[in-house]
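Participant: kindly generate the corresponding structure for this input.
(6 chains)
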Number of protein chains: 6
Amino acid sequence: MTQANAPAGPPRSTLVITAHAGDFVWRAGGAIALAAARGEKATIACLTFGERGESAKAWREGKQLTEIKAIRRDESERAAATLGAEVRFFDAGDYPLVADAELTDQLVAVYRETQPDVVLTHPTEDPYNGDHPVANRMALQARILAQAIGYPGEGDIIGAPPVFYFEPHQPEMSGFRPEVLLDITDVWETKRKAMECLGAQQHLWDYYTDLAVRRGVQLKRNAGPNLGLAHKTMAEAYMRPYPQIAKELA
Amino acid sequence: MTQANAPAGPPRSTLVITAHAGDFVWRAGGAIALAAARGEKATIACLTFGERGESAKAWREGKQLTEIKAIRRDESERAAATLGAEVRFFDAGDYPLVADAELTDQLVAVYRETQPDVVLTHPTEDPYNGDHPVANRMALQARILAQAIGYPGEGDIIGAPPVFYFEPHQPEMSGFRPEVLLDITDVWETKRKAMECLGAQQHLWDYYTDLAVRRGVQLKRNAGPNLGLAHKTMAEAYMRPYPQIAKELA
Amino acid sequence: MTQANAPAGPPRSTLVITAHAGDFVWRAGGAIALAAARGEKATIACLTFGERGESAKAWREGKQLTEIKAIRRDESERAAATLGAEVRFFDAGDYPLVADAELTDQLVAVYRETQPDVVLTHPTEDPYNGDHPVANRMALQARILAQAIGYPGEGDIIGAPPVFYFEPHQPEMSGFRPEVLLDITDVWETKRKAMECLGAQQHLWDYYTDLAVRRGVQLKRNAGPNLGLAHKTMAEAYMRPYPQIAKELA
Amino acid sequence: MTQANAPAGPPRSTLVITAHAGDFVWRAGGAIALAAARGEKATIACLTFGERGESAKAWREGKQLTEIKAIRRDESERAAATLGAEVRFFDAGDYPLVADAELTDQLVAVYRETQPDVVLTHPTEDPYNGDHPVANRMALQARILAQAIGYPGEGDIIGAPPVFYFEPHQPEMSGFRPEVLLDITDVWETKRKAMECLGAQQHLWDYYTDLAVRRGVQLKRNAGPNLGLAHKTMAEAYMRPYPQIAKELA
Amino acid sequence: MTQANAPAGPPRSTLVITAHAGDFVWRAGGAIALAAARGEKATIACLTFGERGESAKAWREGKQLTEIKAIRRDESERAAATLGAEVRFFDAGDYPLVADAELTDQLVAVYRETQPDVVLTHPTEDPYNGDHPVANRMALQARILAQAIGYPGEGDIIGAPPVFYFEPHQPEMSGFRPEVLLDITDVWETKRKAMECLGAQQHLWDYYTDLAVRRGVQLKRNAGPNLGLAHKTMAEAYMRPYPQIAKELA
Amino acid sequence: MTQANAPAGPPRSTLVITAHAGDFVWRAGGAIALAAARGEKATIACLTFGERGESAKAWREGKQLTEIKAIRRDESERAAATLGAEVRFFDAGDYPLVADAELTDQLVAVYRETQPDVVLTHPTEDPYNGDHPVANRMALQARILAQAIGYPGEGDIIGAPPVFYFEPHQPEMSGFRPEVLLDITDVWETKRKAMECLGAQQHLWDYYTDLAVRRGVQLKRNAGPNLGLAHKTMAEAYMRPYPQIAKELA
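Facilitator: Down below sits the predicted model:
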């Protein structure tokens, strides 16, 4: 539901808040590439490099912490560029990522600066990775604080942009239920290229390709008539924690 | 998400399946009026007249069953006309409405005839009225049967149109959570006029007006920036049992 | 919360609807004895004798169906008399008990005749006994139908008496959560005597005594200050599917 | 269920623990006024003034933090006096309110001093305001600590007073289900007057009046026979996280 | 947990109860092949041929009902033979499959004849196929009836064999959560061959191969140390509606 | 499901992480004694002595904090020795136990040292004792951190050992559902002796004996055929937050 019949303003803005350097690629690369393809702005707030918890290959190769962070940053920046987005790192330390007032305050500043029309983040549960729920809580809390005129800081307060939770690695174990199936067929090649920037996690390239196929099958299975879907539809799944605002049921 | 970029075909079609003669007015009158205002077709399949369970005033006035059915039919037809929709009655008997293979088969025929792009019906639970969940189950079952080429009957099979559950009388007790807030401000006067056709349930006119105000407040509270909402936004709430199909997150 | 500050009328009335001949004793014997001890009326609508599913001992002894029904009826009547209640049998056949319009209609008649102030029945789930949820559904449906002036039958329509679900045999597996803990210490001896009328299920006497002790411990653990509870408090647990109506929070 | 058949002791005591200066008025004003009308003591522990998150009007008028706190304190004290209660402020800072061992310890002291028979606080979830769940957690934790003889501090340990969660602003989105409907008709005028003390949130006066009407309609719909309810019943809704202790089912 | 330390008796017996001719292959083919490979007996009770709801290809090719049933029976029997199991058809009619006392009674007879040590069937929910939950309900009800000495019929009563729900087509939408991950690597080739017997649903061969890979990845992710898992582990997922009985935690 | 067909290695290792000195006895004493009886290693990481929250008797007798800790330590060590396990105390302070990075890090070290094949801890909820959920969260977080090669510390990383939640004091109020019923009949006398080491909580000896009887009854009710169960089966109940890995369904 595009509600943006508003007169010419700044381009729409998407804010993605993630725990680790690769999350935005596997889980939301399609949505980001779609936004970029529409000429919109996409900003990724990446709280850590995933240097401890998601870089097992590098550790096994005997690399050191600083080097690993640099590798993950580089990979991540190339992936973001491929998708057409900007990525910002907060280097807050992973495994564990710790919720923190100062870090939350930095996120409030990002909200007020980017004035997002859409927010993407992790879902609330993940029994396999404690950093993801922590990122979720800070992302949601900062969104509420950024709405309050009484909360100090630079920039204008924000409205109440819709929030989408992207898909965790083990969806059924994390209470994840596909509430939105996003057709990413048109940008699939871009997402695949972005995934291939992430050499540290090469075993996931095919895994997330298969997932996109499966979510595409599901999209077609749930689609109304006359959609003219491609034979091979690729999709990403999302949850919506807040109600959808609509001018038409569809 | 308007999926109707398809080339010129028949106008979009909305199918509303309800238990009693007044349900479509209180719970979905705004959505129906919006569809009609867009030049679309809306068909209401009304399984009973609500003659036993929702006509207490008439019974207290000493009216007889046949007379009460006639009154409810007349009221309901005038309300449907006001909204711009067609209503069909199945006179299946209420309190209790009983799930039935033949009645379900008639609903399959309606699905295949109307080829709906959108389906509206009751949610799955209602601890205050057993007829509503029964209507829900038949509506959902008939939708699935109508998709199967092997299920006999006239007309073409249907796709998988999205389903929306409208709001029950006691939402928190029925597991109802607003997942879609539909802006009905533009057709509010029409909905109010349709409600006023229902003389048998006059005590509900203001009740459902207050509900529309409250859902409107909630809509604004959940709306992103730049929506240009009216000062007094009126809304209806819906649940989505199936995933939303989207080409854009918004 | 005794809301019966109403002027002198008929004594308060409790209606218990159960699947099998012994259920009201194990699960609600304390509540029934308390009502009787207050001089109130208690009526048990017992849908079957539990002749097939809950009379294993008699079948193993080679008894026949008619004989078993007679035994269960006799035991049950003595238990009801011990508690101070009236029991009525519907002999609808157990294992499986089948939901049925005629049987539901008979329950509507019981509701309208007894005009209950309180209704007790099985909870909605029981993965170990399918008859219990069926009894629940008929009990709830008949309660709603009995409220409708348009539903035909003898007697006055009823109000909306509160409903309590008593405890199933395996509570955690049946979604049962103690929402009300009823102090039955004063009538415990009566309940134990009623249980001992049920010779067909002797293995349950101590089982349900232990349960009463455990629920009593829980009652004390959840009790506010100054309750003056007995050293050995005995209790029964209930769920409330509908909201409690209160004039005071306590 | 009035359990206070205990011999003459101190008057019953109600403790209300809230996040912001206005919460106790909108959400529990009726319960507080009822307690006061019965000659009981009611104490409100107000953790913050709501100075940042719930004072948008004052910020837009250019007021400063200290001034805003003073305004909210004054409004809140007048509202409490109108209801017949005492309010104590902890000035812990809102948006965000942070859970804190020292603040929790202060709440333990309040529990031990006031020896509450009833505790009212926020429910566990609120996706629109993070301070409310934080207040809930501290209120519940302090209640448990105050029960332990080994937890240091002044005053006697407390029993296990029942807890009631009052209604959040968007109940269906916060997992709120009305489990108790409290009839506040007799003190409605007092609650309305208390609401009118809150000039900073004038837009909520009618909103919460409408809510009381709606909860009143629901109360009547769920009430048993013979309640002699007023034509216009006003009500507040509560959840009960712990089991109700009862001497009678009603 | 192999509980079969019992002295030599009949081989262990697995009973699979399914709605349509192909279900046991896609969803439980690995478990069946494993049982057969251990020299155990596996019996599939197939309630319908899936002639209307799961044979779209045949209908589009203009085939008739009788012919389609024959095709599905043939495919299904070849798949069962491939897995090493016996399949029995009840031809109860699909789309919709209707719960029925006589059909349930036939299932009771199968339980008593096969004396299963393990039961596999559909889970309780499937918003995309109403026949699956109906098969679930009859399978569970017949299991309980078959335990009762008072329920008439041939054969000995059964114990309480554990039940496993196999995976539906859209797990997250059907409340399915993997509670058991079964390693089927050793029999994977057999399962694939059995799938290839089902020419009517060729589009599912790769779909369910991908699923087995994904469940295998998940198995490894959840496995304790020292399991010596194959590089490419294939798995099937199951739910357990009843508690696991164990002599050791592992 | 013994998956340990692996060649001779170190004996299997069980790690129990609990909040207070007595928890491992009441809730998991049977599982620990079974492991010891099989010649395996069991290590209990006890975060506090339960000195404030679970030593009411000692406080009422006027004992001091140091003395109480010493008593609880002594009792606990004797109980562990009775069961055949080693207990380690962290003296982190109870009522409230506070989640802490350093304490979590110490648990990571214990995981890496003991290399557990099985982990036992508290479930996620307990509305009567806030320390239990805190212990749960640290136990789960440390397990994940200990798996990461990038997380610093001594010892080898661990695999993904299965986790079992033992039973809380008020199971239905804590969302506890028996998912595994462990037969502890063979070690029952040992568990009883261990319980009798805990003189500070003597009122619980019979309470937890009754619980073992009740869980034993439930075990038999859920057991398949041919189990040859003892007349008086004693059991403990557990939840499984992660999927069971199996080579056979049973």
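
Participant: helix/strand/coil for the residue lying closest to A:V180 once chain neighbours are set aside?
Facilitator: Of all residues not flanking A:V180 in the chain, A:Y238 sits nearest, at 4.3 Å (Cβ to Cβ, 6 or more residues apart in numbering or on different chains). In short, each C-beta sits where N, CA and C put it, glycine included. Following DSSP: H, G, I helix; E, B strand; the rest coil, A:Y238 is assigned to strand.

Participant: can you tell me which residues in chain A are near chain F?
Facilitator: Residues of chain A lying near chain F by Cβ under 8 Å from any Cβ of the partner chain: A:51-53, A:55-56, A:59-60, A:65, A:68, A:95-96, A:98, A:127-130, A:173.

Participant: so how do I select the buried members of the residues you listed in ChimeraX?
Facilitator: Buried residues within these, by 16 or more other Cβ atoms under 10 Å in any protein chain shown, are selected in ChimeraX with:
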select /A:51,52,53,55,56,59,68,95,96,127,128,129,130,173
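
Participant: which of the residues of chain A next to chain F fall in helices?
Facilitator: A:56, A:59-60, A:65, A:68 (DSSP state H).

Participant: show me which of these is closest to E:N222.
Facilitator: A:A56 (16.9 Å; Cβ to Cβ).

Participant: for the closest one, give me the pLDDT.
Facilitator: In this model, A:A56 is scored at 91, pLDDT.

Participant: how about it, what does it touch?
Facilitator: F:148-150 (Cβ atoms under 8 Å, 6 or more residues apart in numbering or on different chains).

Participant: show me the contacts for the residue nearest to A:Q106 when sequence neighbours are not counted.
Facilitator: In space, and not counting its chain neighbours, A:Q106 is closest to A:F90: 6.4 Å by Cβ to Cβ, 6+ apart. Each residue near A:F90 by Cβ under 8 Å, 6+ apart is listed here: A:45-48, A:103, A:106.

Participant: and the strands in chain A?
Facilitator: Under the criterion DSSP state E, chain A contains strands at A:13-18, A:41-46, A:86-89, A:118-121, A:163-166, A:180-183, A:235-239, A:244-246.

Participant: A:E125 is in contact with A:H169, correct?
Facilitator: No: using Cβ atoms under 8 Å, A:H169 is not in contact with A:E125; the gap is 12.0 Å.

Participant: show me which of these two is the more surrounded one.
Facilitator: It is A:H169, of A:H169 and A:E125, that has more neighbours when counted by other Cβ atoms under 10 Å in any protein chain shown, with 21 against 15.

Participant: distance check, that one against E:G216.
Facilitator: 14 Å (Cβ to Cβ, to the nearest Å).

Participant: what's the neighbour count on A:E189?
Facilitator: For A:E189, the count of nearby residues is 11 (other Cβ under 10 Å).

Participant: what about it, distance to chain E?
Facilitator: Taking Cβ to the nearest Cβ, to the nearest Å as the measure, A:E189 and chain E are separated by 21 Å.

Participant: neighbours of the residue of chain A found nearest chain C, how many?
Facilitator: Nearest residue of chain A to chain C (Cβ to the nearest Cβ) works out as A:G175 at 18.1 Å. Residues lying near A:G175 (other Cβ under 10 Å) number 16.

Participant: nearest residue to it in space, please, no chain neighbours.
Facilitator: Excluding the flanking residues, the one nearest A:G175 by Cβ to Cβ, 6+ apart is A:E125, at 4.9 Å.

Participant: make a PyMOL selection of the buried ones in the contacts of A:F90.
Facilitator: Listed next is the PyMOL selection for buried residues among the contacts of A:F90, using 16+ other Cβ under 10 Å:
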select buried, chain A and resi 45+46+47+48+103+106
